[in-house]
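next one to model:
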Amino acid sequence: MLVPLKVGYNYFILLYTYGGGYMKYKEIISEIKSVRLYKEEEVDANLLKELKQYYERGKRLVDNIDVEVIRKNKDEVFTQLKDSAGYNNRMIEAPHYLIFLSEEKDHYLENAGYRAQDIMLKAWSLGIASCWISFADGEEIKKKLGIQSDKKLAALIAIGYEEAHNKVLYENVSEYNPSKAEVKIVEDNTTERLGIRDLVFTKEWGEKADPDELVNYGLLEGFFYGILAPSYKNRQPWRFIVDNGTVVLALKKDIYVTEYEEKIDTAVIMLYFDAIIESTLYEITWKFGKPEKDYGVPDDYKIVAYCIV
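The predicted model follows:
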């Protein structure tokens, strides 16, 4: 049974990073955005070293999957992948790229996506911007980059110093009236996000959550910052059901989204929710699959995971 917990708002959520120091997750999640224009200048070597150390000791979604990260520079990647990868079929030009190679085990894509997004949050805290790079054929990418490995290409991201700033606006949870927790994000004045009442249900599908109740249970900020997570085409495909001590994660089915993109979207929202909840309450563990209870989820959605909080 979930015990109500009053949570204040006059603090930063800090999560200790295994590489040393603290990550201000609330601050980072509120500010971070995908950056597609980079300066030609290479990232400071000491910052790249700190990023590498963080990754080696950082958060994992699944413990027993070996993931290798290779960093390559622009002259080793950009021209080689011009016709094979990119964002909306346009390859991102950046001074550096991180290539995630993973053992092929159950949920290896979600695990790699979780770890890649965590690195992107850490990079932002160091003043380094980043962007996901889409690809269709991982084996082709490995071949073009001269990578000889039995591991699967699980993620590819660009990193560097931002060249131009996109405008990001958001409304914070009201300190005095948390029931007015609505979220609006605008990136380049083109993207708006759904609010908590649209994305979180209680007990069963369609029963919109009361933000005041979520505050009492210490979950509001997990959802508030969680729904700032990036998703493919900014679809916000996730929905949550809070049932006492269980949080159920459902994903919208979409014939225009690949299985890879769906799994990465799942991983990223799991990370964002984890980062906030583990900072304020306790460690949580996601379980893939469905709980025993039937929550009346419609046919165009599917339950992908749940956790006990």
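
switch to C-alpha atoms for all contacts and neighbour counts from now on
OK.

and residue 293, how many residues sit next to it?
8 (other CA atoms under 10 Å).

pLDDT on the helix or strand containing residue 116, on average?
Residue 116 belongs to helix 108-125 when assigned by DSSP states H and E. The average pLDDT for helix 108-125 rounds to 97.

counting contacts, what elements does whatever helix or strand comes next after that helix pack onto?
Downstream of helix 108-125, the first helix or strand assigned by DSSP H and E is strand 129-132. Contacts defined by 3 or more CA pairs under 8 Å, 6 or more residues apart in numbering; DSSP states H and E place strand 129-132 against helix 108-125, strand 152-160.

what lies in contact with strand 129-132?
Here strand 129-132 makes contact (CA atoms under 8 Å, 6 or more residues apart in numbering) with 33-36, 87, 120, 123-124, 155-162.

of those - the most surrounded one?
Most surrounded of these: other CA under 10 Å gives residue 158, at 29 neighbours.

what's the spacing between the spatially most central residue of the chain and residue 65?
In the chain, the residue lying closest to the centroid (CA atoms, centre = their mean) is residue 268, at 2.5 Å. With distances taken as CA to CA, to the nearest Å, residue 268 is found 17 Å from residue 65.

same question for residue 74.
28 Å.

so what secondary structure elements neighbour the lengthiest helix in the chain?
In the chain, with assignment by DSSP state H, the single longest helix is helix 259-280. With contacts taken as 3+ CA pairs under 8 Å, 6+ apart, helix 259-280 sits against strand 14-16, helix 25-31, helix 108-125, helix 220-226.

nearest to residue 60, out of those?
Minimum separation from residue 60 across the helices and strands packed on helix 259-280 (CA to CA) falls at helix 108-125, 6.1 Å.

name the residues that touch that closest one?
By CA under 8 Å, 6+ apart, the list of residues contacting helix 108-125 reads 23, 28-29, 32, 51, 54-55, 58-62, 65, 67, 100, 102, 129-130, 154-155, 157, 260, 263-264, 266-268, 270-271.

so for residue 8, what's the pLDDT?
Residue 8 is given a pLDDT of 33.

and the helices in this protein?
Ranges of helices in the chain, per DSSP H, are 25-31, 45-57, 74-77, 108-125, 138-144, 196-199, 211-216, 220-226, 259-280.

export the first one to PDB, keeping only CA atoms.
Yep, that's helix 25-31 we're talking about. Taking C-alpha atoms only, helix 25-31 is exported to PDB below (Å, rounded to 0.1, in the frame of the first residue of the first chain):
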ATOM      1  CA  TYR A  25      17.900  16.200 -12.500                       C
ATOM      2  CA  LYS A  26      15.000  18.700 -12.200                       C
ATOM      3  CA  GLU A  27      17.100  21.500 -13.600                       C
ATOM      4  CA  ILE A  28      18.600  19.400 -16.400                       C
ATOM      5  CA  ILE A  29      15.300  17.800 -17.500                       C
ATOM      6  CA  SER A  30      13.700  21.200 -17.600                       C
ATOM      7  CA  GLU A  31      16.400  22.700 -19.800                       C
END
